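Visitor: my questions are about this predicted structure, shown below with the sequence.
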Amino acid sequence: MVFAAALFAQQEHQYTQFMYNKLLINPAYAGARGVPSVTAIYRNQWIGFKGAPQSALASFNSPFLSKRVGVGVTLSHQSIGLQRDFHMSLAYSYDLVAGENFSFRVGIMASLRSLGIAFSDAQPNTGGDPSLGDSRVNDFYGNVGAGIYGTVGDQFYFGFSVPRIYSNAIGYVNNNTVLIAKEYQHYYATLGGILPIADDINLMPAILLKYVNNAPFDADINVNLDIRKKFTAGLSYRLGGDGPGESVDLLAFWQATPQFGVGASYDFGLSSLKDYNAGSIELLVQADLKKRTKKMSNPRFFM
């Protein structure tokens, strides 16, 4: 009430099991698995902390007419406090190389986002608060994004993407003269691979780098161990927060059948918020809607 200041923060959703969820941030991943595939994730962040983020996502991607062409759709919802964020995106990718041991896909995406405030869940005092006064309760914002995604043999993958290129102005007051918020470009880079260490045992490192202007550089660093292409377990470390990092995460994935798998993760907080919540959990389901050919021998984690 004494002073005013501008705040900068990451605006995109985040998931610990990012290695199974590449389509959300990179349209070039569409069709890369080689078969129609469905993924669903639920995340409950900072359990016990009132108003903490909760998010859910469902996505579908598949080759289309040709192995070189991929399409995808993503639907997601996130709630933080009274804010409600609904997001839908359509992705298209094309494999420029499509070699036997190398693939290089480029992708574009169009997205529609609905941002609103659930006033029915609270009794706000609007006096003197421009964000609750004349501003719109719910609005829609369109955007476009782009990315690249490549694989090298059966061992490595890499990607780079910007899911939202255009900087939308979010909410005006006082006859559209005072800007309340603005979207900024978020830049993502991914890198991962499969390193055989014994018969039917693979080490699977992966990293997700995240950057947005005016916010600290962030990264998720993961190492998983795959056993017989049936069970995967590992650890992740997330930078950020005001401690030695944001969190240390446990991950597990079970390939129940060749076409169906389930996963889960639990985040142990490292920042000062750890004293006020019971960690974060994620649940994941992934299903291929068509059997893979014998040539597609990569573990599901890789693709």
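Guide: Ah, there it is. Model, not experiment: these values are computed from the prediction. Residues are numbered from 1 along each chain as shown.
Visitor: could I get the full set of strands for the stretch 201-303 of the chain?
Guide: 201-212, 218-227, 231-238, 247-257, 260-269, 280-288 (DSSP state E, counting those that start in this stretch).
Visitor: F160 contacts A189, correct?
Guide: Yes - between F160 and A189 a contact is recorded at 5.0 Å, counting by CB atoms under 8 Å. In this view, the C-beta of every residue, glycine as well, is placed from N, C-alpha and C.
Visitor: sorry, back to before: what's the closest of the strands of the stretch 201-303 of the chain to K22?
Guide: strand 201-212 (9.3 Å; CB to CB).
Visitor: gap between the closest one and the chain center?
Guide: Centroid separation between strand 201-212 and its chain, computed with CA atoms, centre = their mean, to the nearest Å, is 13 Å.
Visitor: which strands and helices sit next to that strand?
Guide: For strand 201-212, the elements it packs on are strand 186-193, strand 195-198, strand 218-227, judged by 3 or more CB pairs under 8 Å, 6 or more residues apart in numbering; DSSP states H and E.
Visitor: picking that back up, redo the strands of the stretch 201-303 of the chain as CSV? Include mean neighbour count and mean pLDDT.
Guide: Converted to CSV, those look like this (neighbours: other CB atoms under 10 Å; pLDDT from 0 to 100):
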stretch, mean neighbour count, mean pLDDT
strand 201-212, 18, 94
strand 218-227, 18, 95
strand 231-238, 18, 96
strand 247-257, 18, 95
strand 260-269, 19, 95
strand 280-288, 19, 96
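Visitor: and the ones you listed: which comes nearest L57?
Guide: strand 280-288 (9.5 Å).
Visitor: what's near enough to touch T74?
Guide: By CB atoms under 8 Å, 6 or more residues apart in numbering, the residues touching T74 are L23, L24, L57, A58, S59, H87, M88, S89, A91.
Visitor: so what's it closest to, chain neighbours aside?
Guide: S59 (4.3 Å; CB to CB, 6 or more residues apart in numbering).
Visitor: and the helix or strand where the one you found lies, which strands flank it?
Guide: Assigned by DSSP states H and E, S59 belongs to strand 54-64. Next to strand 54-64 in the sheet, as set by DSSP bridges, lie strand 37-44 (antiparallel), strand 66-80 (antiparallel).
Visitor: what angle do the first one and strand 280-288 make?
Guide: Spelled out, it's strand 37-44. Here the directions of strand 37-44 and strand 280-288 differ by 170 degrees (axes from the mean of the first three to the mean of the last three CA atoms, to 10 degrees).
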